[in-house]
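S.K.: here are the coordinates; sequence isn't available:
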């Protein structure tokens, strides 16, 4: 192998695939990055055996070849160099990668490329294209609701459903459920459901950024792996193992009716909830919401948001409702679950639908049917 490329491009490429390098590995080679010449470019690959990431760096190639070297060492060395051309050279059979930049040079001991785990490719399978900003919004609103404990592995994932010209992402951890619907750029021929680890979506979301080119999604017929191809601006492929198992039938968890429905200005409700969370953290993380219809028709109503701790004290705040249907209602939520859903929506108006203090609360952004979020209540003395 003998080639040269710019320090900036190589540094950026190593930063991208570095997200897939194993931090603690039973297989030492997974702490390495694989360097290969592919299509007259330098191909960088890394895997932790759950996800694999590949990107390509433009290079002037003189000789082909491949080697795997410690990812952290190579990345730190490249980042320390000036923004000039970098030469990479591997003498056949030596196992040592020579890196030069101006008057700086280093010899890095590597391992044979054949020892690196095969980087999966998903060539033939169900393909779909999704607008990157629509996909980014969907991931942001759903992935955080997946479980972090491994007791029920399927709940650590996000169910992806492709059907017709729509996609649906859903995640649940036993205490809350997030569901987002979005449009595909072209219809798919057949319906498919798979469960993708939430960690994979978190990595994908970092890649999307301000990208404008469609995200390509490829799913193998055997449902063993899924590939996301993005251009940011270089092409990056993220391949992930799928989770095996059956995702809960979450449609049954969504209340079909309500006794009280209140519409609020989202920033006002979020500010009051954040204030209450300061007291809630010393009081079992409980935030109480009491929805009160307006009296004598003067106003639609309000919500009283309160939290108390025996040790610290208590607080109470009021937020006016822009609409309030039905009876007065009371419900208490875990402060983290409440803040999570209000934070991902950020602005606009939000509706809260409740049936009783012991039934789930449903949050829906006003002006869109694409998203809903169900949160189980906490049982408290009123």
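M.R.: Structure received. Computed from a prediction, not measured in an experiment: that's the story for all the values here.
S.K.: can you give me the strands for the stretch 251-382 of the chain?
M.R.: In the stretch 251-382 of the chain, the strands defined using DSSP state E, counting those that start in this stretch lie at 260-265, 286-293, 301-309, 313-320, 323-326, 329-334, 349-354, 361-365, 371-375.
S.K.: mean pLDDT, mean neighbour count and distance to residue 36 added to those, as a markdown table?
M.R.: Heads up, the C-betas are built off the backbone N, CA and C, glycines and all. Formatted as a markdown table, the strands of the stretch 251-382 of the chain follow (pLDDT from 0 to 100; neighbours: other C-beta atoms under 10 Å; distance: least, C-beta to C-beta, whole Å):
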| stretch | mean pLDDT | mean neighbour count | distance to residue 36 |
| --- | --- | --- | --- |
| strand 260-265 | 95 | 21 | 54 |
| strand 286-293 | 95 | 21 | 53 |
| strand 301-309 | 93 | 20 | 56 |
| strand 313-320 | 94 | 15 | 57 |
| strand 323-326 | 92 | 17 | 60 |
| strand 329-334 | 96 | 22 | 48 |
| strand 349-354 | 96 | 21 | 49 |
| strand 361-365 | 97 | 21 | 45 |
| strand 371-375 | 97 | 22 | 41 |
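S.K.: which of these sits closest to residue 233?
M.R.: strand 371-375 (29.7 Å; C-beta to C-beta).
S.K.: ok, back up a step: residue 152: which of the strands of the stretch 251-382 of the chain is closest?
M.R.: It's strand 371-375; of those, that one is closest to residue 152 (C-beta to C-beta) at 17.5 Å.
S.K.: how about the strands of the stretch 251-382 of the chain, which one is nearest residue 228?
M.R.: Nearest to residue 228 among those is strand 371-375 (21.3 Å), distances taken as C-beta to C-beta.
S.K.: quick one: strands adjacent to the closest one?
M.R.: strand 176-183 (antiparallel), strand 361-365 (antiparallel) (DSSP bridges).
S.K.: what sits up against that strand?
M.R.: 141, 145, 175-181, 253-255, 333-334, 337-338, 341, 345, 360-365 (C-beta atoms under 8 Å, 6 or more residues apart in numbering).
S.K.: quick one, that strand and strand 329-334 angle?
M.R.: 80 degrees (axes from the mean of the first three to the mean of the last three C-alpha atoms, to 10 degrees).
S.K.: how far off strand 349-354 does strand 371-375 point, in degrees?
M.R.: 40 degrees.
S.K.: of the strands of the stretch 251-382 of the chain, which approaches residue 187 most closely?
M.R.: Closest of the strands of the stretch 251-382 of the chain to residue 187 is strand 371-375, at 21.7 Å (criterion: C-beta to C-beta).
S.K.: any low-confidence regions in this protein?
M.R.: Counting by pLDDT under 70, the chain shows low-confidence ranges at 25, 221, 223, 296-298.
S.K.: most centrally placed residue in it?
M.R.: residue 202 (2.6 Å; C-alpha atoms, centre = their mean).
S.K.: ok, now which ones touch it?
M.R.: Residue 202 touches 139, 143, counting by C-beta under 8 Å, 6+ apart.
S.K.: mind checking the SS state of residue 114?
M.R.: At residue 114 the chain is in helix, as set by DSSP: H, G, I helix; E, B strand; the rest coil.
S.K.: looking at the strands of the stretch 251-382 of the chain, which is closest to residue 112?
M.R.: Nearest to residue 112, of these and by C-beta to C-beta, is strand 371-375 at 49.0 Å.
S.K.: which strands or helices does the helix or strand hosting residue 167 pack on?
M.R.: Assigned by DSSP states H and E, residue 167 belongs to strand 166-172. Contacts defined by 3 or more C-beta pairs under 8 Å, 6 or more residues apart in numbering; DSSP states H and E place strand 166-172 against helix 132-142, strand 157-163, strand 176-183.
S.K.: and these as TSV, adding mean neighbour count and distance to residue 306?
M.R.: Output for these, formatted as TSV (neighbours: other C-beta atoms under 10 Å; distance: least, C-beta to C-beta, whole Å):
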stretch	mean neighbour count	distance to residue 306
helix 132-142	21	27
strand 157-163	22	34
strand 176-183	21	21
